[in-house]
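**Q** Fold the stuff below for me.
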Amino acid sequence: MLRHLFAIAVVLCFAFDMLWAQTVGPSRDYVTAEFGAPPTIQEGSLDASVKEALEEILLIAVAQAAWDPANAAAFDTIAQTYDPRLVWIITDMQRFAWRPEFYAALTRAAATILDIPLNTGLRRPEIINKMIAWDIPAYPGYLAHKRHVFTNYVSGWDKIFVEGDIAWQLVDWGGVYIDARPYDSTDDVCHCIPAVDNPEISTAAEATWLEDDDVIFGIVVNGQARAYPRRIMEVREMVNDTLGGRDLGIPYCTLCGAAQAYFTDRLPAGVKRPILRTSGLLIRSNKVMYDTETHSVFDTFLGKAVTGPLADIGLQLEQATVITTDWGAWREAYPNTTVLVEALALGRDFNLRETRDANGPIFPIGDVDPRLPVHEDIIGTITANGTPVAFPRATAVAALVAGQDVAFEDVRLELFAGGVRAIGLNGDERLSHQAFWFAWSQFYSETVLWTE
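**A** Below is the predicted model of the structure:
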């Protein structure tokens, strides 16, 4: 009898191990297979000669000075360190380099350090992807150098680049300027992605400009429903709103396919409502948002303050569920819904998902968990014990339509208002939102992947 029980236990353990292997993250072997073996990572401060050479190169980068053959010695000094940590500042300078000979010298130095064959096809994104995948840290003093380069070209970042719980080496420029406009300045022109504050809304009946199959992001707070059309969110990328008596900050990252909603009220005593804006910066192809009141930077995907006064107090914003659906289904589910007015789209209709981003991320993202394609839509949520779980949207919807149960631990999915949402075992709503797999898996590296 005991022998039989032992045999059953062994089989169950094996089955559990197989199931666990299918649902949790894979080993890091795929990184070496795709990006090659990582270089040796050096430790400690830079030598005085290296610091001097780096300062010489930084001066060229900031001044955009003419190339001088005498500068070749400084590049040789940098390259011959074979210190991969230095490649971060090299790629930072590449981002703003417009003189071909300077850019080429930077590329040669990076290729030498990383032992990458130098050819005409070696591009900056390729270098950064390797650096991210290999998890190369920054050298001591790196932030001051990066800040010097970045703030030289875009004003307004001087209060952003400060120490905090953020890997600054992963931060890149997305090509747009910081939105530094004060609160409630929706109509002010800026050379940025312009957030909208206190957006004008209309009733569903008045929103004749929307087609039934237009994608919207639906939010319900205290019984009040509102639709945020994707067409507007692709132009604005950030909304500071009030719904159901609660203040909200609603970022939309076109690059990672995620609309999220954070409550920006009921904060600790003495803390003003954060006014969220787009910084123009990216981290692994996810927008970096910040608060105009304190210049605190937030992890956009997690809602956590990572620099500044709000990070000092450990501020973590509470999330609200966002339903990605179509206008017709949302209007049917919530006849009394309000919706942002068409004028907020500024006459634009980008549809970036099917155009600019159709062939994959356009900015470096490094290694991506290979269990799903990078742009696969998932519904992400967190279980009661803190386990992040991703449900492939198409597979989950097909299963739900077929009447199957889609669940993991204490959460399950249900079809809702034309979209999908997570609920608890007793039917209570659980926080969830849709995103691309690469974004969810990089911010929740230990995520479980639901499979049928």
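**Q** Now do I365 against I128, distance only.
**A** Using CB to CB, to the nearest Å, we find I365 at a distance of 9 Å from I128. Quick note: C-beta positions are derived from backbone N, CA and C, even for glycine.
**Q** What segments of the stretch 101-250 of the chain are strands?
**A** 171-173, 196-197, 201-203, 215-221, 224-229, 238-243, 246-253 (DSSP state E, counting those that start in this stretch).
**Q** Could you pull up the mean pLDDT of stretch 264-281?
**A** Across stretch 264-281, pLDDT averages out at 96.
**Q** Endpoints of that stretch, how far apart?
**A** Length of stretch 264-281, first residue to last, CA to CA, to the nearest Å: 22 Å.
**Q** List the buried residues for that stretch?
**A** Using 16 or more other CB atoms under 10 Å as the test for burial, stretch 264-281 gives 264, 267, 273-281.
**Q** Which single one of those is nearest to Q224?
**A** The closest of the buried residues of stretch 264-281 to Q224 turns out to be T264 (CB to CB; 16.5 Å).
**Q** Helices of the stretch 151-300 of the chain, start to end?
**A** Listed in chain order, the helices of the stretch 151-300 of the chain (DSSP state H, counting those that start in this stretch) span 230-236.
**Q** where are the low-confidence patches of it?
**A** Judged against pLDDT under 70, the stretch 151-300 of the chain has no low-scoring part.
**Q** Mind listing residues that contact stretch 54-71?
**A** With CB atoms under 8 Å, 6 or more residues apart in numbering as the contact definition, stretch 54-71 has outside contacts at 46, 74-75, 78, 86, 89, 93, 96-99, 101-102, 105, 145, 148-149, 152.
**Q** at 10 Å instead, please
**A** Applying CB atoms under 10 Å, 6 or more residues apart in numbering, the external contacts of stretch 54-71 come out as 46, 53, 73-75, 77-78, 81, 86, 89-90, 92-102, 104-106, 109, 139, 141, 145-146, 148-149, 151-153.
**Q** Drop anything exposed from these.
**A** By 16+ other CB under 10 Å, the contacts of stretch 54-71 give 46, 53, 74-75, 77-78, 81, 86, 89-90, 92-97, 102, 105-106, 109, 139, 145-146, 148-149, 151 as buried.
**Q** burial of H191, as a residue count?
**A** 11 (other CB atoms under 10 Å).
**Q** Contacts only, for it.
**A** Contact analysis of H191 by CB under 10 Å, 6+ apart lists 154, 176-179, 280.
**Q** cool, and T381?
**A** T381 makes contact with 321, 387-391, 408, 411-413, 421-423, 430-433, according to CB under 10 Å, 6+ apart.
**Q** If we use 7 Å, what do you get?
**A** 389, 411, 422, 430-432 (CB atoms under 7 Å, 6 or more residues apart in numbering).
**Q** Just send these back as CSV, with secondary structure, neighbour count and pLDDT too.
**A** Formatted as CSV, the contacts of T381 follow (DSSP: H, G, I helix; E, B strand; the rest coil; neighbours: other CB atoms under 10 Å; pLDDT from 0 to 100):
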residue, secondary structure, neighbour count, pLDDT
V389, strand, 23, 97
V411, strand, 22, 97
A422, strand, 25, 97
R430, strand, 18, 93
L431, coil, 17, 93
S432, strand, 22, 95
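**Q** biggest separation within these, which pair?
**A** The largest distance within the contacts of T381, taken as CB to CB, falls between V389 and L431 and amounts to 12.0 Å.
**Q** re earlier: I'd like the strands of the stretch 101-250 of the chain laid out as TSV, including distance to A343.
**A** Compiled in TSV, the strands of the stretch 101-250 of the chain are given as follows (distance: least, CB to CB, whole Å):
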stretch	distance to A343
strand 171-173	30
strand 196-197	10
strand 201-203	10
strand 215-221	16
strand 224-229	12
strand 238-243	14
strand 246-253	18
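**Q** And the ones you listed: which comes nearest P39?
**A** Of all those, it is strand 171-173 that lies closest to P39, at 20.8 Å by CB to CB.
**Q** What residues of that closest one count as buried?
**A** Buried-residue list, strand 171-173, by 16+ other CB under 10 Å: 171-173.
**Q** What's opposite the nearest residue to G314 once chain neighbours are set aside in the beta bridge?
**A** Ranked by CB to CB, 6 or more residues apart in numbering and with sequence neighbours excluded, the top spatial neighbour of G314 is A305, at 7.6 Å. Beta-bridge pairing for A305 (DSSP bridges): F298.
**Q** and the gap between A305 and S296?
**A** Taking CB to CB, one finds A305 at 5 Å from S296.
**Q** Which segments of the chain make up each domain?
**A** Recorded structural domains for the chain (assignment: automatic domain parsing) are 1-31+368-452, 48-153, 172-345.
**Q** related to what we said a few turns ago, could I get the contacts of T381 as JSON lines with distance to G245?
**A** Converted to JSON lines, the contacts of T381 look like this (distance: CB to CB, whole Å):
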{"residue": "V389", "distance to G245": "31"}
{"residue": "V411", "distance to G245": "27"}
{"residue": "A422", "distance to G245": "24"}
{"residue": "R430", "distance to G245": "22"}
{"residue": "L431", "distance to G245": "19"}
{"residue": "S432", "distance to G245": "22"}
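**Q** Mind listing what's buried along stretch 384-393?
**A** 387-393.
**Q** Low-confidence stretches in the stretch 301-450 of the chain?
**A** If you take pLDDT under 70 as the line, the stretch 301-450 of the chain has these spans: 353-358.
**Q** Run through the strands of it in chain order.
**A** In the stretch 301-450 of the chain, the strands defined using DSSP E, counting those that start in this stretch lie at 304-305, 319-320, 323-326, 338-340, 377-382, 388-392, 407-408, 411-416, 419-424, 429-430, 432-436, 448-449.
**Q** Let me know which of these is tucked in deepest.
**A** Highest mean neighbour count of the strands of the stretch 301-450 of the chain: strand 432-436, a mean of 25 (counted as mean count of other CB atoms under 10 Å).
**Q** Now that one - C-alpha only, CSV.
**A** Listed next in CSV are the C-alpha coordinates belonging to strand 432-436 (Å, rounded to 0.1, in the frame of the first residue of the first chain):
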residue,chain,number,x,y,z
SER,A,432,-6.5,43.7,-14.7
HIS,A,433,-5.5,45.3,-18.0
GLN,A,434,-4.4,44.3,-21.5
ALA,A,435,-0.8,44.6,-22.7
PHE,A,436,1.7,43.2,-25.1
